[in-house]
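Student: need coordinates for the following:
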Amino acid sequence: MSGPFELFLFSTDPAFIRRAVAGGVSAVVVDWEVAGKAKRQWGFDTEINADTFEDLQRVRAATEARVVCRVNAFHPATREELERAIGGGADEVLLPMVRTTAEVQQILEWLAGRAGLGILVETQAAVAMAQELARYPLSRVYVGLNDLAIDRGCANIFRALADGTVELLRQVFQVPFGFGGLTVPDQGFPIPCRLLIGEMARLSAGFSFLRRSFKRDVGSGDPAAAVGKIRAALEQARRRSPEQVVSDHRELLAAIERAEAFFAARNRGEGL
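Tutor: Take a look at the predicted model:
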């Protein structure tokens, strides 16, 4: 993490957004990705939003922070969707489920510099062509651990961290790079958030998402205070000794192995 670490909040609640931004949230994500998502992620206990154009306009009006719109995966009406995102005030677009370089090239042409383009690497195809994707002028790259696990047929969504896939991708992309999601440092299940923060520092990640777990753990509390705790933990992780970095990484790998039983049970429909 050479520059300020960016925290991207998924929310359409103006009051919550204002408090979170005041505490140090860098950007707000309005999430339009819904097409095919329920079927693809069935049984994986994921967060599926269905934000609207009106949500985007409301968020835009609520904050001067950067507003990011996650659109649907490339489809026949993508161009129209991009125009709506720009018209609604998005500064940047996130493209999920990238499978070809052609779709990235096409979207960049359609955007024509009017908004940044970030991509989510969450398919085996995208991992395989990472070197080619890295040649495009992307605003950021995020590894979607949930969908990448699904595409691989893997129950444990953190496997890509343990097997080195995320680290290899980090070495390929030179733009702001992110993975996983954060909540307050003393929370997080089945992987403690403090270990994810340590791994983000080790890999020089530049941003991450605040989504369902963050909002649940904050509850009726102060999101600004929670953001402050996350930022403090990130700074502390940056200052670790090399020995502590190695120790924390080993602890993370052990936690991922222990989580195997949890994810296997979840996929059998137990404990959901």
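Student: quick one, phi/psi of Leu195?
Tutor: phi -70, psi -40 (degrees, to the nearest 10).
Student: chain neighbours aside, what residue packs nearest to it?
Tutor: Using CB to CB, 6 or more residues apart in numbering and skipping residues adjacent in sequence, the residue nearest Leu195 is Leu252, 4.3 Å away. The C-beta positions use only the backbone N, C-alpha and C, and glycine is treated the same way.
Student: in contact with Val227, which residues?
Tutor: Going by CB atoms under 8 Å, 6 or more residues apart in numbering, Val227 touches Leu7, Ala20, Gly23, Gly24, Val25, Leu210.
Student: one more time with 10 Å, if that's ok
Tutor: Each residue near Val227 by CB atoms under 10 Å, 6 or more residues apart in numbering is listed here: 7, 9, 19-26, 182, 184, 210, 214, 218.
Student: look up the closest residue to it, ignoring the ones flanking it.
Tutor: In space, Val227 is closest to Gly23, 3.8 Å off (CB to CB, 6+ apart).
Student: the closest residue to Glu122 other than its chain neighbours and Ile157, how far apart?
Tutor: Leaving aside its sequence neighbours, Glu122 sits nearest to Gly144 (CB to CB, 6+ apart; 3.1 Å). Using CB to CB, to the nearest Å, we find Gly144 at a distance of 9 Å from Ile157.
Student: strands of the stretch 1-150 of the chain, start to end?
Tutor: With DSSP state E, counting those that start in this stretch as the criterion, the stretch 1-150 of the chain has strands at 6-10, 27-31, 66-70, 92-95, 116-121, 140-143.
Student: ok, the fifth one: who's next to it in the sheet?
Tutor: The partner list of strand 116-121 in its sheet, established with DSSP bridges, is strand 92-95 (parallel), strand 140-143 (parallel).
Student: quick one: the residue of the chain most remote from its centre and Pro76, what's the gap?
Tutor: Relative to the centre of the chain, the most outlying C-alpha is that of Glu243, 28.1 Å out, by CA atoms, centre = their mean. As for Glu243, its distance to Pro76 is 54 Å (criterion: CB to CB).
Student: quick one: the residue farthest from the centre of the chain is in a helix?
Tutor: Yes: counting by DSSP: H, G, I helix; E, B strand; the rest coil, Glu243 is part of a helix.
Student: adjust the sequence numbering to begin at 862 for everything that follows.
Tutor: Sounds good: first residue 862 from here, last item Glu1104.
Student: give me the pLDDT value at it.
Tutor: Looking at Glu1104, its pLDDT is 97.
Student: and for Ile1052?
Tutor: The predicted local confidence for Ile1052 is 94.
Student: ok, and the closest non-adjacent residue to it?
Tutor: Using CB to CB, 6+ apart and skipping residues adjacent in sequence, the residue nearest Ile1052 is Ala1116, 5.2 Å away.
Student: okay, now that neighbour: neighbour count?
Tutor: Using other CB atoms under 10 Å, the number of residues around Ala1116 comes to 17.
Student: residues contacting it?
Tutor: Phe1019, Ala1023, Gly1049, Pro1051, Ile1052, Pro1053, Leu1056, Leu1057 are the contacts of Ala1116 under CB under 10 Å, 6+ apart.
Student: what mean pLDDT does stretch 883-896 have?
Tutor: Regarding stretch 883-896, the rounded mean pLDDT is 93.
Student: CA atoms of it as PDB?
Tutor: Taking Å, rounded to 0.1, in the frame of the first residue of the first chain, the C-alpha atoms of stretch 883-896 are listed here in PDB:
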ATOM      1  CA  ALA A 883     -17.100  11.800   7.100                       C
ATOM      2  CA  GLY A 884     -15.200   9.000   8.800                       C
ATOM      3  CA  GLY A 885     -12.900   8.300   5.800                       C
ATOM      4  CA  VAL A 886     -14.800   6.200   3.200                       C
ATOM      5  CA  SER A 887     -13.300   7.000  -0.200                       C
ATOM      6  CA  ALA A 888     -16.100   6.100  -2.500                       C
ATOM      7  CA  VAL A 889     -19.700   4.700  -2.600                       C
ATOM      8  CA  VAL A 890     -20.700   1.800  -4.800                       C
ATOM      9  CA  VAL A 891     -24.200   1.600  -6.300                       C
ATOM     10  CA  ASP A 892     -24.700  -2.100  -7.300                       C
ATOM     11  CA  TRP A 893     -26.700  -2.900 -10.400                       C
ATOM     12  CA  GLU A 894     -25.300  -6.300 -10.900                       C
ATOM     13  CA  VAL A 895     -28.200  -8.700 -10.700                       C
ATOM     14  CA  ALA A 896     -28.600 -10.500 -14.000                       C
END
